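**Student:** Okay, here's the prediction I keep looking at, along with the sequence it came from:
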Amino acid sequence: MEPTSSAKGQLQSVTRALSVLTCFRNGEDLGVSAIARQLDLPVSTTHRLLSALLEAGFLDKMDSPSRYRLGTTLAEYGQIAYRQHRIHLAEPHLEELATITGAKASIATRHGNDAVLLGTSSWREADGHELQGLRLPLHASALGKALLAWAPAGEEDLARLPYDSGTARSVSGPVGLAQELARTRQGGYAFNDEELVHGFRTIGVPIGDEPGPARFALGLRGPIDLMIDERVPFFVDLAKVTARKIADILL
């Protein structure tokens, strides 16, 4: 049965409302006009969507200037998901790894073309002051490469990925990425050598030894003067030990 025009309109409204929420992924406070431009929607339509999300608690409105940010309802749902997926049980292992190495430890999973950070160790001086986003491009991040290498990703999957983010050091296309993933599987770990942020390196290892695609990956990120070549094998070994401990919790 074909959906009615009313049902189609409701579905479109839901899709647009979800699109509004994606505008806030960078953690910025946004005004109506900025959101309307991002989504290519009329300001009046954008305002109605914002009002509905505000009423549901998915957004908060700031008094001056008239701007919006993610609401407390999403924080509540985030905490529920965080515990349902048992990420909080992995935190002590991330902290232990970060304390031993002086680097930042993270867990990520794949969503679309990105590696999404699910949990990280506490901030440390080794992190620097430039924030790392919660979404990292698969082709230019150690976590993303680990998830791709132990999937494994096919040629079509690699061809569909965007390659327009990262630095000049990141791979620029599917052929180069396929070669990088082959080296990753052979070496047993993924490596990001200043491919996202200048001055920082990250290693990535899959979480779990069971057959099939790796659902999670563990990353260890630090400045190049910490992640020197001589230390990388030692850090990889420590990361693999931690990954096995976390696999017992998550898988």
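**Tutor:** It's in.
**Student:** Domain boundaries for the protein, per the record?
**Tutor:** As given by automatic domain parsing, the domain ranges for the chain are 5-74, 85-250.
**Student:** and among those, the most buried is which?
**Tutor:** With neighbours taken as mean count of other C-beta atoms under 10 Å, the domains of the chain reach their highest mean count in domain 85-250, at a mean of 18. In this view, the C-beta of every residue, glycine as well, is placed from N, C-alpha and C.
**Student:** Let me have the domains of the chain in JSON lines, adding mean pLDDT as columns.
**Tutor:** Below are those laid out as JSON lines (pLDDT from 0 to 100):
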{"stretch": "domain 5-74", "mean pLDDT": "84"}
{"stretch": "domain 85-250", "mean pLDDT": "89"}
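**Student:** Okay, and the beta partners of residue 204?
**Tutor:** residue 190, residue 219 (DSSP bridges).
**Student:** gap between the two ends of stretch 122-140?
**Tutor:** One end of stretch 122-140 to the other measures 23 Å (C-alpha to C-alpha, to the nearest Å).
**Student:** right, I mislabeled it, should have said stretch 190-197
**Tutor:** End-to-end span of stretch 190-197 (C-alpha to C-alpha): 16 Å.
**Student:** Run the chain-centre distance for that stretch.
**Tutor:** Distance of stretch 190-197 from its chain centroid, counting by C-alpha atoms, centre = their mean, to the nearest Å, is 15 Å.
**Student:** ditto for stretch 148-163
**Tutor:** The answer for stretch 148-163 is 16 Å, by C-alpha atoms, centre = their mean.
**Student:** ok, the residue most central in space within the chain - contacts?
**Tutor:** In the chain, the C-alpha nearest the mean C-alpha coordinate belongs to residue 116, at 2.0 Å (C-alpha atoms, centre = their mean). By C-beta atoms under 8 Å, 6 or more residues apart in numbering, the contact list for residue 116 reads 108, 109, 110, 134, 135, 136.
**Student:** how about 7 Å then?
**Tutor:** Residues near residue 116 by C-beta atoms under 7 Å, 6 or more residues apart in numbering: 108, 109, 134, 135.
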